[in-house]
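**Student:** need the 3D shape of this:
(one chain, ligands or ions: 1)
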Amino acid sequence: MATASAVVVGGGLAGLAAAVGLAGQGVRVTVLESRGRLGGRAGSFTDPTTGQMVDACQHVSMGCCTNLAHFLRTAGVDHLLAPQPKLYFVTPDRRTSVFKADPWPAPFHLGRALMGAHYLTPLDKLRVGYGLVRMLAEHPDADPPLLPWLKAHRQNARTIERFWAIVLTSALNETVDRVGLKYARKVFRDGFVRHRDGFTVHVPTVPLGRLYGDELRAWLSAHNVEVRENAGVKRLAMGEKGLRGVELRDGSTLSADWYVLAVPFDRVIDVLPEELVAREPYFANVKNLTASPITSVHLWFDRPVMKLPHAVLIDCLGQWVFDRGEVAPGEFYLQVVVSAARDLKGLGRDEIQRRIVDELARVFPPVGLAKLLRAKVVTEHTATFSAVPGIDQWRPVQASPVANLAVAGDWTATGWPATMEGAVRSGYLAAEAILARAGRPAKLVQPELGA
Ligand SMILES: Cc1cc2nc3c(=O)[nH]c(=O)nc-3n(C[C@H](O)[C@H](O)[C@H](O)COP(=O)(O)OP(=O)(O)OC[C@H]3O[C@@H](n4cnc5c(N)ncnc54)[C@H](O)[C@@H]3O)c2cc1C
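**Tutor:** Here you go, the predicted structure:
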C-alpha cells in the first residue's frame, strides 16, 4: 500500500480532504483541479480593479464542524479562523439582541439567550421551545416537508419567519417551505442542543484563498501530494475491472490505482462514461439533485459603518452582514449574504445593490453618511444542492460500484447539509472507502461534538 497511487479529480474541500486522508496513510496522490486555484466554491478571486483577494462569498463554520476543524488543524491553518462568542440579531428598528451562551451545560446554555430575543413575544418563545422539544423527539431520519410540520406543531407566522427561517435559510441555503425536517432537526440538534460549543460561529480572518492557500499547499507537497491546477478532466475512462485512467481536457491521460471523483453534483455526469450512467442508478440518481442560489453583496465604504463584527438581520432582505474591517487604507469592507436567493432572480445587480444599501442605511445609520467607494454583487446560481424532503435517497455513498472509484463532494451521503464540513467529511469517507478496499482500513472521520 505504501506505493499505491490515487488521482483525485477536483480541488475543492472534498477532494483536498480525500487527498489529506489518503496521503496520511502513505498513498501517493495527484489532485487535478480545472481552475487556477484550490478551494472550489470556498474560494476567492482577485479583484481586477484593486488586486485585492476577495471571497466569492463569506464562509463561516460552526463549533459542531469537527471534520473541517480537524482538516484545518492538520494543514496548520486553524489559527486563521476566529470564534465569535456572541451573535448579534438586529431588527430594522435598530434594536439588537445578543445571543451568547451561559456557563450551564447543554441544552440549557442558550435558554436565557432565546428568552432575551427582543423580536419574539413571550408566547412566541414558548411556541419555539415547544417546537424544538418536539423536533428533537422526532426520528433522525424522518424527513417530511418542514413547513406543514412546523404549523402542525404550534408555530405561527412570526416564529416561522423570525426564528426557524432565520436559522435554517442560512444553515441549509434553502427556504423553510422547501426543506425537509431531517436537516432542520440536524441544524438545531448539532448546533444548539448537543454541546455547548456547537453553536459557536467561526469566521475566517483572512480571505478563503489564503485559508486554503500556501500552508495547505506546503502540507500537501510535504506529504507526496502533487497538485495540478488548470488541469480539467474531460472524462473518466473505463477498463475491464474498473477505471483505467482519466482523460484531461488538454488531451493527456493519467492513471493510478485508485480514483476519487470530487466535482460538484452538476458536473459528475459530464465526466462519467455514458454507459456507466445508463447502467448504474447509483450515478444516474445524481440527476435528481437540484440547486439553490446564494447572492453576496460586497461593499467598500470610505469609513467604518458598523460597530458590530457581524449581524443577523431580522425582517430584512440581507440575512447576514459581516464587517471585514479596513482592508486597504481608507477602505472599509462589508459583505452581505442572501441565501436561497431565488427571489432576487431577474432584479439585476444594480437593483440588488440599491436595495441592500438602502436597507443597511436604515439599520446602521452611518452607512447613509458614508461614501460607497465600490460594490460587487455575486450570485452563485448552483451554490449548493437543495435539501428538499427525502433528499438523501439521491445522495450516493462514497464507495461507488466501480471497484477503484470513490466519489466525494458535499452532495454525497454525509448526513450533513451542503457545507464545508459536509465536503471534508465526504473526502474523509471517500479515503476510508478506498483504504478499506485496499485492505488497509483506517478511521479518518472525526467524532461529532458531544458524541
Ligand atoms: C456562495 C456560497 C456560500 C457558502 N457559504 C458557506 C458557509 O458559510 N459555510 C459552509 O460551511 N459552507 C458554505 N458554502 C458551501 C461550501 O462552499 C461547499 O459545501 C463546499 O465548499 C463544497 O466543496 P466540494 O469540494 O464538495 O465542492 P467544490 O468546492 O465545488 O469543489 C469541486 C472542485 O472540482 C473542480 N472541478 C469541477 N469539474 C472539474 C473537472 N472536470 N476536472 C477537474 N476539476 C473539476 C471545481 O473547479 C472545484 O474546485 C457556501 C457555498 C457557496 C457557493
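**Student:** got the residues of the stretch 151-300 of the chain near the ligand?
**Tutor:** 232, 233, 262, 263, 264, 267, 271, 294 (Cβ under 6 Å from any ligand atom). Placement of C-beta: from N, CA and C, glycine included.
**Student:** so the fifth one sits against residue 41, correct?
**Tutor:** Yes - in this structure, residue 264 is within contact of residue 41 by Cβ atoms under 8 Å, at 7.5 Å.
**Student:** can you pull the contacts of the closest residue to residue 397 other than its chain neighbours?
**Tutor:** Closest residue in space to residue 397, ignoring its immediate chain neighbours: residue 413 at 4.8 Å, by Cβ to Cβ, 6 or more residues apart in numbering. By Cβ atoms under 8 Å, 6 or more residues apart in numbering, the contact set of residue 413 is 392, 395, 396, 397, 398.
**Student:** most surrounded residue in the residues you listed?
**Tutor:** Among those, the one with the most neighbours (other Cβ atoms under 10 Å) is residue 398, at 27 neighbours.
**Student:** and the strands in the stretch 51-200 of the chain, which stretches?
**Tutor:** 53-55, 61-62, 81-84, 86-90, 96-100 (DSSP state E, counting those that start in this stretch).
**Student:** who are the packing partners of the last one?
**Tutor:** In other words, strand 96-100. When contacts are defined as 3 or more Cβ pairs under 8 Å, 6 or more residues apart in numbering; DSSP states H and E, strand 96-100 packs onto strand 86-90, helix 111-115.
**Student:** which one, of these, ends up nearest to residue 404?
**Tutor:** Shortest distance between residue 404 and these, using Cβ to Cβ, is found for strand 86-90: 45.2 Å.
**Student:** rewinding a little: mutual contacts of residue 264 and residue 41, please.
**Tutor:** Common neighbours of residue 264 and residue 41, using Cβ under 8 Å, 6+ apart, are residue 12.
**Student:** quick one, what contacts residue 328?
**Tutor:** For residue 328, the contact set (Cβ under 8 Å, 6+ apart) comprises 50, 52.
**Student:** shaky segments in this structure?
**Tutor:** For the chain, applying pLDDT under 70 flags the ranges 1-2.
**Student:** what about the helices in the stretch 101-250 of the chain?
**Tutor:** Using DSSP state H, counting those that start in this stretch, the helices of the stretch 101-250 of the chain run over 111-115, 122-136, 146-152, 157-159, 165-172, 181-188, 208-211, 214-222.
**Student:** which residue, other than its chain neighbours, is closest to the closest residue to the ligand within the stretch 51-200 of the chain?
**Tutor:** For the stretch 51-200 of the chain, the nearest residue to the ligand under the criterion Cβ to the nearest ligand atom is residue 57, separated by 3.2 Å. Leaving aside its chain neighbours, residue 57 sits nearest to residue 296 (4.0 Å; criterion: Cβ to Cβ, 6+ apart).
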